[in-house]
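Engineer: The amino acid sequence is not available; the structure is as follows:
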């Protein structure tokens, strides 16, 4: 199996970051780094410690040029940066590197005595707040977290979306609006679609007003709905829909099928099943289609991974579906979209195909729902 494209923006916050770079600038910083270094596997899958040539110790990596130059390189390579040093120095160094709150790495600053751990950048989406708390617990430091939702003891819409692996239309506006309302003490409702198999008790709901029935709303300023369905009833207040990414798509198509043909057919299928297109989690096809421009464009458009499977892998499931001798002679398996959907379900923990396979204009589309959800 080959993963050809993976461009998720909102992803579940892990207990550990994938990669972490630790920087120390002074002898005191090196001492704290040596104390922290054996604990890094609890924080990160991959970690590396950097310092200057003058302060270099066994197991550390020397700066590539200056501290600023090494930070610039690490900013692109690592998911989290921890600096033992002055906050002002770190601010000046990372200022030219900042791009986007959704993609910038987490940055945490520690003083060299290990008394304070400061969440400096990407507190929510990058996980700096969680990392700050974890480091503070490990070295008995005081965690310094200044994001307004945390300070006011309320939930944050961006964190809820991240933990649910959910998308929101106009993400930035929705997060800014809802978080500001929560911080201001406005009444924001939270409704979970009963068709979505999620236990809300596992998620932070502080500040939200629980809503049981969309047809009988309490007095609210706005409403957050957790649903991947597009058939929600209209309301008289602003609604922000969190769409869990739970639907996978198997695709078969003729060579050089235009994106302008493929995408409307997919939207037609979503509309038929009353599913919000933001629920799309992954796309799968046969290896012969790994360079198919329309499929790559579709994955890029929805910021989801594009998997391709060998004919041998697809043949494990082809007996369950109608097959075509022409397709088998052409690509080595009697059908593509349904077996691809089945293999995607295996990739994401199981589930079931939903609706009928669409067959139009040389395109076959099969949608499936991952195991943790019901339709």
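Structural biologist: Okay, I see it. Source: prediction; values computed, not measured. Residues are numbered from 1 along each chain as shown.

Engineer: contacting residues around the residue nearest to residue 36 when sequence neighbours are not counted?
Structural biologist: What sits nearest to residue 36 in space, not counting adjacent residues and going by CB to CB, 6 or more residues apart in numbering, is residue 139, at 6.3 Å. Glycine gets a C-beta too; all of them are placed from N, C-alpha and C. By CB atoms under 8 Å, 6 or more residues apart in numbering, the contact set of residue 139 is 32, 35-36, 39, 110, 114, 117.

Engineer: next one: stretch 244-258 to chain centre, how far?
Structural biologist: Chain-centre distance of stretch 244-258: 20 Å, with CA atoms, centre = their mean, to the nearest Å.

Engineer: Show the average pLDDT along stretch 337-350.
Structural biologist: Stretch 337-350 comes out with an average pLDDT of 94.

Engineer: Which secondary structure element is home to the closest residue to residue 39 other than its chain neighbours?
Structural biologist: Take residue 39 and drop its neighbours on the chain: the residue closest to it by CB to CB, 6+ apart is residue 138, 4.9 Å away. Assigned by DSSP states H and E, residue 138 falls within helix 128-139.

Engineer: That helix: what's the following helix or strand?
Structural biologist: Next helix or strand after helix 128-139 toward the C-terminus (DSSP H and E): strand 142-144.

Engineer: Give me the residues contacting that next one.
Structural biologist: Residues external to strand 142-144 that are found in contact with it (CB under 8 Å, 6+ apart): 115-119, 132-133, 135-136.

Engineer: Provide the strand pairings for the strand ranked longest in the chain, with the direction of each partner.
Structural biologist: Secondary structure of the chain per DSSP state E: the longest strand is strand 351-360. Counting by DSSP bridges, the strands paired with strand 351-360 are strand 363-370 (antiparallel).

Engineer: what separates the strand it pairs with from the chain centre, distance-wise?
Structural biologist: 22 Å.

Engineer: where along the stretch 101-250 of the chain do the helices fall?
Structural biologist: Along the stretch 101-250 of the chain, counting by DSSP state H, counting those that start in this stretch, helices occupy 128-139, 148-151, 157-164, 171-183.

Engineer: Out of those, which gets nearest to residue 335?
Structural biologist: Closest to residue 335 of the helices of the stretch 101-250 of the chain is helix 157-164 (CB to CB; 32.8 Å).

Engineer: got the buried residues for that closest one?
Structural biologist: The neighbour-count check on helix 157-164 (16 or more other CB atoms under 10 Å) flags 157-162, 164 as buried.

Engineer: related to what we said a few turns ago, would you mind listing which of the contacts of strand 142-144 are buried?
Structural biologist: Among the contacts of strand 142-144, the ones that count as buried by 16+ other CB under 10 Å are 117-119, 132-133, 135-136.

Engineer: among those, which two are most distant?
Structural biologist: 118 and 133, at 11.6 Å, using CB to CB across those.

Engineer: circling back to that earlier point, can you tell me which of the contacts of residue 139 lies nearest to residue 49?
Structural biologist: Nearest to residue 49 among the contacts of residue 139: residue 36, at 8.6 Å, using CB to CB.
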